[in-house]
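Asker: Need coordinates for the below:
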Amino acid sequence: MEKLIDPIGVFDSGVGGLSVLRTIRQQLPGQDLIFFGDQGHVPYGARSMEEIQAFSESITRYLLGQGARLVVVACNTASAAALHYLRQAFPQVPFVGMEPAVKPAAEQTRTGVVGVLATPATFQGKLYASVVERFAKGVILLQDTCPGLVQQVEAGDLDGPKTRLILERALLPMLEQHIDTVVLGCTHYPFVIPLIQKIAGPQVRVIDPAPAVARQTVRLLESLGNPAPTNKIGRTRYRTSGNPNHFEQLLQCLIGAEGEAEQACWQGTSLE
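Answerer: Predicted structure coming up:
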């Protein structure tokens, strides 16, 4: 197989990061990409910080071994638990992480009430607390962890009865308190935006963090003096620690892409 040239590495606990990968591809059509979904360990949301840090460090080493020149942590939970740790462990590597879009929500809300959907680890992390402290003064934030929603997306069930029930349990109490904005604090959640909009109605704005992350990736590449090629079509390689066939089905279901996934297996704390 032909080697990718200086790819951008993108990783997530599962397939949620494909929502970020899709947007990066739109903004950097000439850039080679390599995506790793840790489906062997999904979901990360209820795991300890130390465990998430260990996974993230091993995945970063794996992506660097594949030639990655920049790493996008396309997972809110991993960003909350491990982004600072990764920057200390790999000081020579540029990282882009996920930050809950509380700032634009607080700036744009009309009712002053914002709903935030994220995993427990994201809500408990210092990153989320810092964002709230800096940008959410005077705004009421209603939070929900949407238990089971990541697994529904991993199963490819984006609008079935169980998925709808999870979202209704989260959103209906928020709607009673007059939210007008929903922040998606997990990269799996943008895949159920159509269902969120059906439940919440057109008066509620849903903020997908992926475009902001893609823009930051572009800015970082440019600041490094290493912009993406413009004279070719970039290629994407897919790796998963889960079932490659299932990953390929989700690839088509979630972002309408076709691709061959290769399995990367955990050997203890290392990926091979």
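
Asker: Kindly provide the whole-number mean pLDDT of stretch 142-160.
Answerer: Here stretch 142-160 scores 97 as its mean pLDDT.

Asker: Show residues contacting that stretch.
Answerer: 13-16, 39, 42-43, 45, 113-120, 123, 162-163, 166-167, 169-171, 173-174, 177, 179, 186, 188-189, 191-192, 194-195, 249-250, 253-254 (Cβ atoms under 8 Å, 6 or more residues apart in numbering). C-beta coordinates here come from the backbone N, C-alpha and C atoms, glycine included.

Asker: Please compute how far that stretch lies from its chain's middle.
Answerer: Distance of stretch 142-160 from its chain centroid, counting by Cα atoms, centre = their mean, to the nearest Å, is 14 Å.

Asker: what's the first-to-last distance across that stretch?
Answerer: Terminal residues of stretch 142-160 are spaced 25 Å apart (Cα to Cα, to the nearest Å).

Asker: let's number from 44 now, not from 1
Answerer: Taking 44 as the first residue, the last one we looked at is stretch 185-203.

Asker: Buried ones in it, by neighbour count?
Answerer: If you call a residue buried by 16 or more other Cβ atoms under 10 Å, then stretch 185-203 has these buried ones: 185-189, 192-197, 200-201.

Asker: just to revisit the earlier point, return the subset of the contacts of stretch 185-203 lying in helices.
Answerer: 163, 166, 205-206, 209-210, 212-214, 216-217, 237-238, 292-293, 296-297 (DSSP state H).

Asker: doesn't Tyr281 make contact with Glu303?
Answerer: Yes. Glu303 lies in contact with Tyr281 (Cβ atoms under 8 Å); the separation is 7.1 Å.

Asker: any common contacting residues for the two?
Answerer: Shared contacts of Glu303 and Tyr281, defined by Cβ under 8 Å, 6+ apart, are found at Glu291.

Asker: Of these two, which one has the most company?
Answerer: Under the neighbour definition other Cβ atoms under 10 Å, Glu303 and Tyr281 were set side by side, and Tyr281 has more, 21 against 11.

Asker: what's the spacing between the helix or strand encompassing the more buried one and its chain's center?
Answerer: Tyr281 is part of strand 279-283 when elements are defined by DSSP states H and E. For strand 279-283, the separation from the chain centroid amounts to 16 Å (computed by Cα atoms, centre = their mean).

Asker: for stretch 301-315, same thing?
Answerer: The offset between the C-alpha centroid of stretch 301-315 and the centroid of the whole chain comes to 19 Å, using Cα atoms, centre = their mean.

Asker: How about stretch 137-157?
Answerer: Stretch 137-157 has its C-alpha centroid displaced from the chain centroid by 15 Å (Cα atoms, centre = their mean).

Asker: Averaged pLDDT, it. What do you get?
Answerer: Mean pLDDT, stretch 137-157: 96.

Asker: and the nearest residue to Val249 once chain neighbours are set aside, what are its bridge partners?
Answerer: Sequence neighbours aside, Val225 is the residue nearest to Val249 in space, at 4.8 Å (criterion: Cβ to Cβ, 6 or more residues apart in numbering). Bridge pairing for Val225 (DSSP bridges) gives the partners Gly158, Val249.

Asker: Next one: Val225, what pLDDT does it get?
Answerer: What the model reports as pLDDT for Val225 is 98.

Asker: Share the number of residues neighbouring it, please.
Answerer: Residues within reach of Val225, counting by other Cβ under 10 Å, total 28.

Asker: In contact with it, which residues?
Answerer: Listed by Cβ under 8 Å, 6+ apart, the contact partners of Val225 are 157-160, 214, 217, 239, 243, 247-250.

Asker: I'd like the domain boundaries of this protein, if you could list them.
Answerer: For the chain, the domain assignment from automatic domain parsing gives the residue ranges 51-141+254-314, 145-251.

Asker: related to what we said a few turns ago, from the rest of the structure, what touches the strand holding Tyr281?
Answerer: 47, 50, 64, 68, 75-83, 105, 109, 290-291, 294, 300, 302-307.
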